[in-house]
Every structure is written in C-alpha cells, then in structure tokens.
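**Q** Quick one: sequence and predicted model below, then my questions.
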Amino acid sequence: MKFVLLGDMNVGKTCFGFMQHLRQFPGEYIPTIFEQYNINTVRNGVPLDIIIMDAASLDDYYFYPRDYRNTDVFIIFYAINNRTSFENLNKWINEAKQYNSSIPFIIVGTKEDLRSDSIQIITINEADEFSKQNGAVCHILCSALLNFNVNLVVNTAINIVNGEHQDFKQFTKCF
Ligand SMILES: Nc1nc2c(ncn2[C@@H]2O[C@H](COP(=O)(O)OP(=O)(O)OP(=O)(O)O)[C@@H](O)[C@H]2O)c(=O)[nH]1
Ligand SMILES: [Mg+2]
C-alpha cells in the first residue's frame, strides 16, 4: 500500500513519518525534499508492506516531481496551532483531487500536545466540519511528539484500503 503525506511546511509530516518508521522523534527540524519510509508490518497474519511518501511542501519545490503513482490514500496534514496550515488544506485537497479525485483522503491535525497552550487553536468541531464538508473519509488528531494516534492514522488508512468499518474513537471522526 502506498500513502502520500501532503500539507504545509512545518506541520509535522516528517516527524509523523519518523515515528512510524523509526519509532523516534527527530531531534532537529530539517525541511524535506523527498523521503520515503518503508514499513513492513503484519495484518491479520499476512505481511503488509507500506510505503509512506513525504515530499517537499516549499513552494520553490512545487514542481519537484512528486510520485503519486499507485497512491492508495492521501494523508493531508495541518497543525492545530497554525491557522494558515488549516486554511491551506483546500490547496492540498485540490492537489490530491487533481491527480485523481477517486483516491480517498484523510485529514490529520498534528501537534495535539499543544492544544492547551496555543492561542490560535483550530477547534475540533471546526476541523471535523471542514473535513466532512470537503469529502475527507476521516479527521484524526495526533501528536508525533507524544506518539499519540500516530499508529491510528496509518491503521485507519489501511482500513480504508481494505474497506473495513471505521470505529469512532477519541479524537477521531469518520464520515
Ligand atoms: N509540539 C509538537 N511539535 C511537533 C510535532 N511534530 C512535529 N513538530 C515540530 O514541528 C516542526 C516541523 O516538523 P516536520 O515534521 O519537520 O514538518 P514537515 O511538515 O515535515 O515540514 P517540511 O518538511 O518543511 O514540509 C519541527 O520543529 C518539529 O519538532 C508534534 O507532534 N508536537
Ligand atoms: Mg518534512
């Protein structure tokens, strides 16, 4: 299966990928140009290879050839303390839809650990509503720093590909 991470710079895509891949939160911020994380897991007793693609979100690299071939699910990120990144979700949804409008996508709010001390916070209701209106399959909140819901995002994406029932869990809404 192949999942592609999209979203503004600095929202935490690479930290998310690292937590999946190496179970480790990166010590310093390094803007990404192109990374691919390969994860080998087992699902219902069957080995499953997952590729997570993490591409640059800097506008300068906008024309860097992103490899969307065979994408199963787009995972589109915003940071809960960064309103611009939330407003730019439209841009990333369009990017995914322009490639292929039938590929499902989920919206993920990162840095959930900062909810209590941020002023510009995007509320859960607001983001749930936006995700529902814009055709996301689910909206999930996570924190790579605390390793909270990171696995849930990937498991949800796997479930979507397998057409399995989505559960309503804390900080997760599926539509
Ligand atoms: N508090 C908090 N900070 C985070 C979290 N995830 C990432 N960060 C911080 O956010 C910054 C950006 O993280 P990255 O994962 O590099 O962001 P990115 O989306 O890959 O950025 P680009 O590669 O430039 O597109 C770093 O300073 C991280 O330490 C999180 O869950 N909580
Ligand atoms: Mg990155």
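**A** All right, it came through fine. Ligands and ions are numbered 1, 2, ... in the order given.
**Q** ok, then the element right after the longest helix seen in the chain?
**A** Of all the segments assigned as helix in the chain under DSSP state H, the longest by residue count is helix 150-162. Toward the C-terminus, helix 150-162 is succeeded by strand 172-174 as the next helix or strand (DSSP states H and E).
**Q** packing partners for that following strand?
**A** With contacts defined as 3 or more CB pairs under 8 Å, 6 or more residues apart in numbering; DSSP states H and E, the secondary structure elements packing on strand 172-174 are helix 124-133, strand 138-141, helix 150-162. In this view, the C-beta of every residue, glycine as well, is placed from N, C-alpha and C.
**Q** one more time with 10 Å, if that's ok
**A** For strand 172-174, the elements it packs on are strand 105-110, helix 124-133, strand 138-141, helix 150-162, judged by 3 or more CB pairs under 10 Å, 6 or more residues apart in numbering; DSSP states H and E.
**Q** Pick the most deeply packed of these.
**A** Per-stretch averages of neighbours, counted by mean count of other CB atoms under 10 Å, single out strand 105-110 among those, with a mean of 28.
**Q** Give the closest residue to Ile124 in space, chain neighbours not counted.
**A** For Ile124, the nearest residue in space outside its immediate sequence neighbours is Leu141; the separation is 7.0 Å by CB to CB, 6 or more residues apart in numbering.
**Q** Where does the prediction get shaky in the protein?
**A** Low-confidence segments of the chain (pLDDT under 70): 57-66, 118, 165-171.
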